[in-house]
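[1] sequence first, predicted model second:
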Amino acid sequence: MDGRSPPRILHVSETGSTNADAMRLGLAGEGLPLWVVADLQTGGRGRAGRKWVSQKGNLHASLAICSKAPMEKAGQLSLLAGISIVDAIRTTMELAPDAELRLKWPNDILIGFAKAGGILVESTTLREGSGFLAVLGFGLNLVAFPDAVGREVTALARYGTPPEPRALLTVLSERIIYWLDRWNAGANFGALRQAWMDRAGPIGEPLVINTTTGALSATYRGLAENGALLADVDGSIREINYGDVALVGEVARDGDS
């Protein structure tokens, strides 16, 4: 979607996964960019193969695009998607004063310490030509949220009158186009890096990084030039490209997220 063509929208009442549908259509040669939007998902997925519970009235949407950026830049699209969805929420609803809408690395949309939505970006190289096919998937709790084990969840309806999914999608699409243009196929990640940090938590916020070798206590230090999380671990600044990151407030309230 390095051009400026407005995306088409394919709306379905129910599907397994909008991400899977968008990827399949993109690989089959469907014209891009293309949104796949569903009223209900029965097999929604989050990061690392986790299940994403999708309820009617919420946003379940995936955008398939063709990018001319180098494949190693594909991970930056998750940050771009986060910036865009925060912008779209702020544009389409008046949030209550106590609603601390923010991003958590790499793909969570939070209000305070409660998860209101998530982003799943998947990509694959194209058989012909340069660049790659990417699918930017969004799950956002507009009116309802599921019971969750191990963490606090919420919906935008707790903090004001949420937008209708289609109204939010219209603005979201516009913001993605805007930020893709600013990103410039990965050549201007610096603009995204600052925009993402402006929408995230404060520098110095305590974190717990859950890795395969155990949990690390750390503090948030922003984003690296490549989009990795910067964390102070025992006085050493480290780039984090792996593992689950939990805010200490999440852990204190709900256990391991």
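    Noted; the coordinates are in hand.

[2] kindly report the domain assignment for the protein.
    Domain ranges of the chain: 8-198, 206-254, per automatic domain parsing.

[3] just send these back as CSV, with mean neighbour count and mean pLDDT too.
    For the C-beta atoms, the positions are set from N, CA and C on the backbone; glycine is no exception. Output for the domains of the chain, formatted as CSV (neighbours: other CB atoms under 10 Å; pLDDT from 0 to 100):
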stretch, mean neighbour count, mean pLDDT
domain 8-198, 19, 92
domain 206-254, 16, 86
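
[4] need the single longest helix in the chain, by residues.
    In the chain, with assignment by DSSP state H, the single longest helix is helix 165-183.

[5] contacts for that helix next, please.
    1-2, 4, 6-7, 9, 35, 37, 57-59, 61, 63, 65, 67, 69, 76, 80-81, 83-85, 87-89, 91-92, 136, 138, 140, 142, 162-163, 188-189, 191-192, 195 (CB atoms under 8 Å, 6 or more residues apart in numbering).

[6] same check on stretch 189-203?
    With CB under 8 Å, 6+ apart as the test, stretch 189-203 has contacts from 73, 76, 79-80, 82-83, 86, 102-105, 179, 182-183, 220-223, 225-227, 247.

[7] if you set the cut-off to 6 Å instead, what comes out?
    The contact list for stretch 189-203, computed with CB atoms under 6 Å, 6 or more residues apart in numbering, reads 76, 79-80, 83, 86, 102-103, 182-183, 222-223.

[8] with distance to Arg151 and secondary structure as new columns, can the residues you listed be given to me in CSV?
    As requested, the contacts of stretch 189-203 are exported to CSV (distance: CB to CB, whole Å; DSSP: H, G, I helix; E, B strand; the rest coil):
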residue, distance to Arg151, secondary structure
Gln76, 26, helix
Leu79, 21, helix
Leu80, 25, helix
Ile83, 23, helix
Val86, 20, helix
Arg102, 15, strand
Leu103, 16, strand
Arg182, 32, helix
Trp183, 30, helix
Gly222, 24, strand
Leu223, 23, strand
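
[9] residue boundaries of the helices in the protein?
    Assigned helices in the chain, in chain order: 18-27, 76-92, 165-183, 189-198, 248-254 (criterion: DSSP H).
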